[in-house]
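S.K.: what's the 3D shape of this:
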Amino acid sequence: MIPCYIDMFYPEVGIATLELLEKLGADVDYPFDQTCCGQPMANSGAQAEAQATEELFVNNFAAYDYIVAPSGSCVHHIRNKFTAAADSPERRHVSARVRDLPEFLHDVLKVKDFPWAEFPHEVALHVSCSAIRGLGEQAMSERPNDPFFSKPRSLLEKVKGLTLADFSRPDECCGFGGTFAVTDEAVSASMGNDKLERLGRTGARYVISGDMSCLMHLQGCAHRNREDFRFLHLAQVLNGSAR
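M.R.: Below is the predicted model of the structure:
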């Protein structure tokens, strides 16, 4: 499943996701009738529009063993907040079988290495709020007694030449929040600028995430600030297509 904003603005991320899954031996199909998962409408209270979109999603994806998407926020919506569509065995199957790309690689395929991937750069990893608190892909700072883990980080550690930069408050929101960036523009931009400041202190000029929506927001903040960051999706690095 390729999120609508990736399809429209970052098609190279969708291509990298497909190529990566095929390199790892997955039998991948792409339903051409797919549209949005319904998250923007549901988050904005537009239940009728969300219902129609969610039901189309269920019709498109109910027959598959796994639904894999390169977007933690979309997966979080489908798995945990997919309530506008009528309850049915098909809807429950879709919610149970959807996986964000990092958790599919880490938990289902259990990938040990990416022999084709090389990225000789220092990078800063941003893991989204949805991936951390909605999907459990990384330890939460508000639970300081829990052992640290990070599924996206463990995948990037398998890429030849790549080094990961540490920065303060790594699991703090980037400020995008979907429609929040529209309804609370000033707060959203301030949060994005704060995040970029912490990333910039590391000296790393590459920012990687499994959520392109977060990177889209940070990219906009960096552009307005005339900062020279490069933003890449995790799939592009693991696929070996990032340079």
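S.K.: Return the residues in contact with residue 112.
M.R.: residue 158 (CB atoms under 8 Å, 6 or more residues apart in numbering). The way it works is simple: take the backbone N, C-alpha and C, and place the C-beta from them, glycine included.
S.K.: which element is it on?
M.R.: Under the criterion DSSP states H and E, no helix or strand holds residue 112.
S.K.: what's the nearest residue to residue 49 if we skip its chain neighbours?
M.R.: Closest residue to residue 49 in three dimensions, ignoring its sequence neighbours and counting by CB to CB, 6 or more residues apart in numbering: residue 41, at 4.2 Å.
S.K.: what residues does the helix or strand harbouring that neighbour touch?
M.R.: Assigned by DSSP H and E, residue 41 falls within helix 39-43. With contact meaning CB under 8 Å, 6+ apart, helix 39-43 is reached by 47, 49-50, 53-54, 73-74, 77, 81, 83-84, 178-179.
S.K.: Tell me which helix or strand comes right after it.
M.R.: Note on helix 39-43: by DSSP H and E, the next helix or strand toward the C-terminus is helix 47-61.
S.K.: Can I get stretch 235-243 in CSV? Just the C-alpha atoms.
M.R.: Coordinates of the C-alpha atoms in stretch 235-243 are reproduced here as CSV (Å, rounded to 0.1, in the frame of the first residue of the first chain):
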residue,chain,number,x,y,z
ALA,A,235,13.3,2.3,2.2
GLN,A,236,15.6,4.3,-0.1
VAL,A,237,18.6,3.6,2.1
LEU,A,238,17.8,0.0,2.7
ASN,A,239,17.1,-0.6,-1.0
GLY,A,240,20.5,0.9,-1.9
SER,A,241,18.9,3.6,-4.1
ALA,A,242,20.0,6.6,-1.9
ARG,A,243,23.1,8.4,-2.9
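S.K.: Relative to the whole chain's centre, how far out is that stretch?
M.R.: A distance of 15 Å separates the centroid of the chain from that of stretch 235-243, by CA atoms, centre = their mean, to the nearest Å.
S.K.: Stretch 187-196 now?
M.R.: 19 Å.
S.K.: do the same with stretch 138-145
M.R.: Its chain's average C-alpha position is 20 Å from that of stretch 138-145, according to CA atoms, centre = their mean.
S.K.: if I pick the residue positioned nearest the centre of the chain, what's in contact with it?
M.R.: Among the residues of the chain, the smallest C-alpha distance to the mean C-alpha position (CA atoms, centre = their mean) belongs to residue 211, namely 2.5 Å. By CB under 8 Å, 6+ apart, the contact list for residue 211 reads 71-73, 126-128, 130-131.
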